[in-house]
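Undergrad: Below is the structure, and that's it, no one-letter string:
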């Protein structure tokens, strides 16, 4: 098995609007992938396509080299925690575990019981009365006790307070250290992703803006600051992501494998947050330009 | 056993921070030969970082000959910086404390004290003692 998720020209359309468009990705296994982008960018759509809750309008997607939801075995290899970590409020914690055991052939009851004990939760307690953090932990327990090879999580920590968030991510990282599991995790919180992920996918305006190994991405992106100038004379190997100008100064974010040697630029490295923001604002600029050009037409 | 921490604003990559913290602990005698480093699972369970980050840091320390991994048991310190300096460090620290106390009494604020120390350190002759 080589790919956790592979998408070719993948698209999903709701009516006339494309929620996800010409998305091509090849995410290797064994990574913790941070999926980041503004609201409505298509993150949840991509995850739901990967689980098989949605079917593509165009293109193809495979997870762990198989079509999503193609068989019970395939589903058993995928753990999915939907947005807002849903649980059944009327059921007890114990009933959740019982259900997990009945529905999954690989269910690791020992692991599930130990996790509930470690969290100091009472199995008789109704899930509806758990705190946000406890709910998220219960959802994570259900997802990992089925011993998945791929764990997909849609904003699992968005609603949690900082302590609960940190605890959730710490346990997730323990799972990654312990089991051979690939993780794809969507989040707005780049600072969290910077800690836990080693692979990044930026989705904006329904399209993949950039994806790859985080270390590699950080090593090949630079911020150039220098006196005001036109920026169309970079060599072909240098890709301009974003630029801004004042009367006297130009600031340009570029992607380049080769180092920038032009001495008239001062070259700075980017943080992951800088990088994500550069791609998100590039997408936003393109969107506004598009609206402006099509503006009168509709 | 040492405990790692992560500074999000330092501009130093997480794996480099771990490498630096181990080296600093070795220099200060907080880690000695034979000591075990926390396991990858212990580290990630505490500071919520990617396990590969810890592995990468440990591999670099191993490459530099400071630690060795014993499969199934853990990672241990096998080499350190000059341990004979530990004793000297104590008296040096004491005289530095006296110096800092004097600087405070002379009215220097923290930044001035640090600047004065770093400046003096950088411009002091390097090969004075043989």
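TA: In hand now; what should we look at? Here the structure is a predicted model, which means the values were calculated and not measured.
Undergrad: show me what contacts the residue nearest in space to the middle of chain A?
TA: For chain A, residue A:35 is the residue whose C-alpha lies nearest the centre (Cα atoms, centre = their mean; 1.7 Å). Residues in contact with residue A:35 (Cβ atoms under 8 Å, 6 or more residues apart in numbering or on different chains) are A:43, A:46, A:47, A:184, A:185, A:186, A:187, A:201, A:203. For the C-beta atoms, the positions are set from N, CA and C on the backbone; glycine is no exception.
Undergrad: Let's verify it: helix, strand, or coil?
TA: Using DSSP: H, G, I helix; E, B strand; the rest coil as the criterion, the local structure at residue A:35 reads strand.
Undergrad: How much space separates it from residue A:19?
TA: Between residue A:35 and residue A:19 the distance, using Cβ to Cβ, to the nearest Å, works out to 14 Å.
Undergrad: Please name the bridge partners of the nearest residue to the residue nearest to the centre of chain A once chain neighbours are set aside.
TA: In space, residue A:35 comes closest to residue A:186 once its chain neighbours are excluded; the distance is 4.0 Å by Cβ to Cβ, 6 or more residues apart in numbering or on different chains. Listed beta-bridge partners, residue A:186: residue A:35, residue A:154 (assigned using DSSP bridges).
Undergrad: what's near enough to touch residue A:186?
TA: By Cβ under 8 Å, 6+ apart, residue A:186 lies in contact with A:34, A:35, A:36, A:37, A:43, A:44, A:47, A:153, A:154, A:155.
Undergrad: Which pLDDT value goes with the second one?
TA: By that I understand residue A:35. The predicted structure scores residue A:35 at 96 on the pLDDT scale.
Undergrad: Quick check: the gap between it and residue B:85.
TA: 49 Å.
Undergrad: For the nearest residue to residue A:264 once chain neighbours are set aside, what are phi and psi?
TA: With Cβ to Cβ, 6+ apart as the criterion, residue A:264 has its nearest non-adjacent residue at 5.3 Å, and that residue is residue A:226. Reported as degrees, to the nearest 10, the phi and psi values for residue A:226 are phi -170, psi -170.
Undergrad: burial count for residue A:226?
TA: As a burial measure, residue A:226 scores 16 neighbours (other Cβ atoms under 10 Å in any protein chain shown).
Undergrad: about what we covered before: and the gap between the residue nearest to the centre of chain A and chain B?
TA: Here residue A:35 is placed at a distance of 15 Å from chain B (Cβ to the nearest Cβ, to the nearest Å).
Undergrad: How about the residue nearest to residue A:213 when sequence neighbours are not counted: which residues does it bridge to?
TA: The spatial neighbour of residue A:213 that comes closest, neighbours along the chain excluded (Cβ to Cβ, 6+ apart), is residue A:199 at 5.8 Å. Beta bridges link residue A:199 to residue A:33, residue A:213, judged by DSSP bridges.
Undergrad: for chain A, what are the nearby residues on chain B?
TA: For chain B, the residues found near chain A under the criterion Cβ under 8 Å from any Cβ of the partner chain are B:6, B:8, B:11, B:13-14, B:40-41, B:44-53.
Undergrad: out of those, which are buried?
TA: Judged by neighbour count, with 16 or more other Cβ atoms under 10 Å in any protein chain shown as the criterion, the buried members of the residues of chain B next to chain A are B:6, B:13-14, B:40-41, B:44-53.
Undergrad: Give me the subset of those lying in helices.
TA: Counting by DSSP state H, these place B:14, B:40, B:41, B:44, B:45, B:46, B:47, B:51, B:52, B:53 in helices.
Undergrad: In CSV, list the residues you listed along with pLDDT.
TA: Below are these laid out as CSV (pLDDT from 0 to 100):
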residue, pLDDT
B:14, 88
B:40, 93
B:41, 92
B:44, 94
B:45, 92
B:46, 92
B:47, 93
B:51, 94
B:52, 92
B:53, 93
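Undergrad: Please, where are all the strands along the chain?
TA: I went with chain A, as the question did not name one. With DSSP state E applied, chain A shows strands at A:3-14, A:17-28, A:32-36, A:58-63, A:78-81, A:150-154, A:182-186, A:199-204, A:207-213, A:221-227, A:239-245, A:249-255, A:266-269, listed in chain order.
Undergrad: Please refer instead to chain B.
TA: According to DSSP E, the strands that chain B contains are B:36-37, B:67-70, B:74-77.
Undergrad: so of these, which one's packed in deepest?
TA: Among the strands of chain B, the stretch with the highest mean neighbour count (mean count of other Cβ atoms under 10 Å in any protein chain shown) is strand B:36-37, at a mean of 20.
Undergrad: Give the pairing partners of that strand; include direction for each.
TA: Strands that pair with strand B:36-37, judged by DSSP bridges, come out as strand B:74-77 (antiparallel).
Undergrad: Residues contacting the strand it pairs with, please?
TA: B:26, B:31-37, B:39, B:58, B:61-62, B:66-70.
Undergrad: Equivalent analysis for stretch A:84-102, please.
TA: Applying Cβ under 8 Å, 6+ apart, the set of residues contacting stretch A:84-102 from outside is A:107, A:109, A:112-113, A:116, A:121-128, A:130, A:135-136, A:138-142, A:145-146, A:155-156, A:158-159.
Undergrad: PyMOL command to pick out the buried ones of those?
TA: Only the buried members of these enter the following PyMOL selection, criterion being 16+ other Cβ under 10 Å:
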select buried, chain A and resi 107+112+116+121+127+130+135+136+138+139+140+141+142+145+146+155+156+158
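Undergrad: Which positions in the stretch 1-150 of chain A make contact with chain B?
TA: Of all the residues in the stretch 1-150 of chain A, those lying near chain B are residue A:32, going by Cβ under 8 Å from any Cβ.
Undergrad: Kindly state the pLDDT recorded for whichever residue of the stretch 1-150 of chain A sits closest to chain B?
TA: Using Cβ to the nearest Cβ, the closest approach of the stretch 1-150 of chain A to chain B is made by residue A:32 at 5.6 Å. What the model reports as pLDDT for residue A:32 is 96.
Undergrad: Isn't it up against residue A:176?
TA: Yes: using Cβ atoms under 8 Å, residue A:32 makes contact with residue A:176 at a distance of 6.1 Å.
Undergrad: Fine by me, we can end here.
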